[in-house]
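Undergrad: can't give you the sequence, but here's the structure:
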């Protein structure tokens, strides 16, 4: 198209969208606001900015150059926050290593990402010592220690993080460069094959941050994060940019609390001590918070909790509401940076009592600004928004991975027909709310009909004797597949398969499910298998049932 | 710099930042929210989207092509809002014609902008009929009428707006194109020479919108605009994108009220009837609101009013506070899209009684996110942020005009040394708050010292007998320049020059100003000359004094 484009004045500053710009405003608004690292350290935004400069100097002096890749292996910490900024700001790529993968997978991802430098916490030294020569691209390590006496290691490191920062200048003139430069990379583990690398540019992260800030702050139906909030993540910072929130919080100048290694009682104590108001985590982590000892004696009311990664059950959401927790759901995935949708309650829904808001709050919500989201049938035709019809969720937005690193065929498949294919099946209601029904591969196909595993989980979760539940499809000679439910009983309750079947009968009677949706096979267990990021591991459950 | 850039999958959608994306979310959040046009018309967001498609079809069928320029000559209306979207979304440029300029200046700007089509309200037909052959680029007119019987005109028009829309399809497949395509243009009138054309791209307007939404919504110190607000502009929509707010409001899905031609009593009645919560206007317009008949019998409390364009006086701000108005100031100019800074109150300032917050609320505030703002001396050296030192405000941000249209030398001068030079003199306090002291050209240079005309205005405004005041420098044989004050007395008060001098003595005694800052020449008038956008016209005052 022959639109009008005017050549700028040669003097005009071309403003690239770079992560360094996100740092400008936080320290201007409230320079004394704090960054807190568990019970170890606290400092203000001025210091944060100085320490980012120091880290940039340490890395530059160690030989890190633009285009290099710097890996981080740490719990959620102030250091990790500093790396979120300093590494991309010198033009390098930050590799968020998923430290919960197996050592073989970790080595695979670091080798595949061609990591050049590694920031490694004491707790992962033993692991890193086993890398040997298996990641030949690595040129150096920096040790991250919480103790005055860092752990001994056979790794040859450049030194300990705090020691290195202490001797570095707190000034750094961060350069401008192409906003399409890659800022971060990390790996997503599918059910088959090797982990796949996704990657995000400076431009994508700045746009994701601006849009998330606008979405989180402006909507009275979902005021998730505003300047007076206190933020503490309960997802690992390696997990999809901690959902982008450290960038948002830093841009807003919000008090931030990084808890180190997750332990539910510690998180609840930090919540109370630091007056945390906003956290996010996958449903299983939030369930652990609800269930822990410290939660029993702590007033959790007013805590805004955003969940995502997998769908929360209505049962859990109701427990949240009983504790006074303000509950939100967002939808996204590693490929999407991640925010695609978030809870939005329309005025009439907001006027309901909190317990009655929960069926709306556990839905994926409404697409955020700039997000173009559709549901399509297998031929790519748009499916109507009537709350009934189901289709695969496909997305366009300015912050989606543009492929998989060094796996072009998989990237082309992800982006078939110019839409990012999420692999999720959903309906969209007349009022525009997205409801994820299932992963395409988790839908249970039985006797020519489809059963949503998530819907069954939801219904089972509403039995007060149920603490956790996972439903998968398992092969069946006659019907193709049949549902199988794995259940953890709630504390002080006992439950058996017959009781669950009886519980489900009421939903058959009310017409919510068909008679044949009730699983024959129900297993009561003490623990449900989880993935490295704490989601229910349905692949493993299916494998176990097949055995 | 050799950063890492990865070629996207050929299937991946490249998401350009286009104005059409801003339309996605409003109708998803609250499709039933209203757009109101005075007492003439109201419709919902679904209809807004349909009408934008209809307008795009009307324009396309009339022959408007990508790269063409479409001028609008209208009061603030739903039609103007529709043009904000439809014109750029088909790849054309929207020329915001300043209808308050002289006819010669209007013709100059339309000729210079090479307008191809003109949307013209009944009230401006007589004016447009005088264009004759003076703007040869114009290929067609569309008449905008509020009446069932449109005004008679000798112009050959394509038809009346509503008639044309009625027959157009409400579907339009808006194309993707280069995000650097120019979306809007308008003209800024300096004190000398012809008006200068500034221009803004789709990318710039999307970024300005996202950033303004985040700034307006997230900060508890300045929650200016959130989803449940009701928005009514009190600046003309041709005036710097109505400060960008129609785009922000539409993205958020906010109820919007467009009042048509400004008349203070009508604005106050619309405020009450439509439950308006957020408006913006230049200080003189806000003063007119405060002073009008309807305001005397209307409870104005809770009305959030943003001012800018020129500095508000403390006297006016205190009147606002007395009426319960929540008062904000923003800083920007035609060249800056416009938002550069906005009121930000730090926690301790927010805890003060409202009247004591006013000295902070009338300052320009803190730079918004992404904005890099400095003050520099005439050699371009950075001036310290101590609240005392003054320098010219220079800016970098992603939404600044990249030059002046077809006047490259003036654009190069605007952007000298890679910073946009605002022509404003300011100080920045230790806590980062910008305080505009004067326009460089309005600073009064007397006896080798500088006097800020704004500071004198502020001090004079605090006399209860003063309604409006303007201070300019006038030539003086002995001192170079001397201050001259023009004053309008408050209703029911009388005032004379001696009284004003006596009023100013207290500030000499308290050390706020020097003895020689008191003007010898003070003129009591019934009206102060204003520019076409309602700001005090200091050039005209100086000219009148010189006569």
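TA: Looks like it came in fine. Quick caveat, the model's predicted, so the values are computed rather than measured. Numbering: from 1, shown residues only, chains lettered A, B, ... in the order given.
Undergrad: residues touching residue A:241, list them.
TA: A:84, A:96, A:184, A:200, A:205, A:208, A:247, A:337-338 (CB atoms under 8 Å, 6 or more residues apart in numbering or on different chains). Every residue, glycine included, has its C-beta placed from N, CA and C.
Undergrad: That should have said residue A:263, apologies.
TA: Contacts of residue A:263 by CB under 8 Å, 6+ apart: none found.
Undergrad: gap between it and residue A:235?
TA: In this view, residue A:263 and residue A:235 are 15 Å apart by CB to CB, to the nearest Å.
Undergrad: Then residue A:370?
TA: Applying CB to CB to residue A:370 and residue A:235 gives a distance of 23 Å.
Undergrad: again with residue A:76
TA: On the measure of CB to CB, residue A:76 and residue A:235 end up 8 Å apart.
Undergrad: Return every residue with contacts to both of these two.
TA: residue A:242.
Undergrad: Kindly confirm my reading that residue A:46 is in a helix.
TA: Yes. Assessed by DSSP: H, G, I helix; E, B strand; the rest coil, residue A:46 belongs to a helix.
Undergrad: Which residues are in contact with the closest residue to it other than its chain neighbours?
TA: Leaving aside its sequence neighbours, residue A:46 sits nearest to residue A:31 (CB to CB, 6 or more residues apart in numbering or on different chains; 5.1 Å). Counting by CB under 8 Å, 6+ apart, residue A:31 makes contact with A:44-46, B:431-432.
Undergrad: and residue A:130, how many neighbours does it have?
TA: 10 (other CB atoms under 10 Å in any protein chain shown).
Undergrad: Same question for residue A:368.
TA: Residue A:368 has 26 nearby residues by other CB under 10 Å.
Undergrad: Grab the nearest non-local neighbour of it.
TA: residue A:215 is the one closest to residue A:368 (CB to CB, 6+ apart), at 4.6 Å.
Undergrad: Name the helix or strand for the one you found, please.
TA: Assigned by DSSP states H and E, residue A:215 belongs to helix A:202-218.
Undergrad: so how far is that helix off the chain centroid?
TA: In terms of CA atoms, centre = their mean, to the nearest Å, the gap separating the centre of helix A:202-218 from the centre of its chain is 15 Å.
Undergrad: Going by neighbour count, list what's buried in the helix or strand where residue A:445 lies.
TA: Applying DSSP H and E as the criterion places residue A:445 in strand A:444-446. For strand A:444-446, the neighbour count (16 or more other CB atoms under 10 Å in any protein chain shown) marks A:444, A:446 as buried.
Undergrad: ok, now stretch A:258-265?
TA: In stretch A:258-265, counting by 16+ other CB under 10 Å, buried: A:258-260, A:262, A:264.
Undergrad: Please give me every residue in contact with residue A:127.
TA: Contacts of residue A:127 by CB under 8 Å, 6+ apart are A:73, A:99, A:103, A:106.
Undergrad: same check, this time on residue A:233
TA: A:76, A:242-243, A:245-246, A:258-259, A:279-281.
Undergrad: gap between the lowest-mean-pLDDT helix or strand in chain A and the chain center?
TA: Using mean pLDDT, DSSP states H and E, the weakest-scoring helix or strand in chain A turns out to be strand A:449-451, at a mean of 80. Offset of strand A:449-451 from its chain centre (CA atoms, centre = their mean): 29 Å.
Undergrad: before we move on, what about stretch A:359-378?
TA: For stretch A:359-378, the distance to the chain centre is 17 Å (CA atoms, centre = their mean).
Undergrad: how long is that stretch from one end to the other?
TA: 28 Å (CA to CA, to the nearest Å).
Undergrad: Counting neighbours, which bits of that stretch end up buried?
TA: So, applying 16+ other CB under 10 Å, buried residues of stretch A:359-378: A:360-371, A:373-376.
Undergrad: near chain B, which residues of the stretch 301-450 of chain A show up?
TA: By CB under 8 Å from any CB of the partner chain, the residues of the stretch 301-450 of chain A that approach chain B are A:344, A:346-347, A:366-372, A:396-398, A:400, A:402-403, A:405, A:408, A:411-412, A:414-420, A:431-432.
Undergrad: Are any of the residues you listed buried, and if so which?
TA: A:344, A:346, A:366-371, A:396-398, A:400, A:402-403, A:405, A:411, A:414-415, A:419-420, A:431-432.
Undergrad: related to what we said a few turns ago, which helix or strand lies directly C-terminal to the helix holding residue A:215?
TA: strand A:230-231.
Undergrad: now that following strand, how far from the chain's geometric center?
TA: 17 Å.
Undergrad: packing partners for it?
TA: Contacts defined by 3 or more CB pairs under 8 Å, 6 or more residues apart in numbering or on different chains; DSSP states H and E place strand A:230-231 against strand A:255-258, strand A:278-281.
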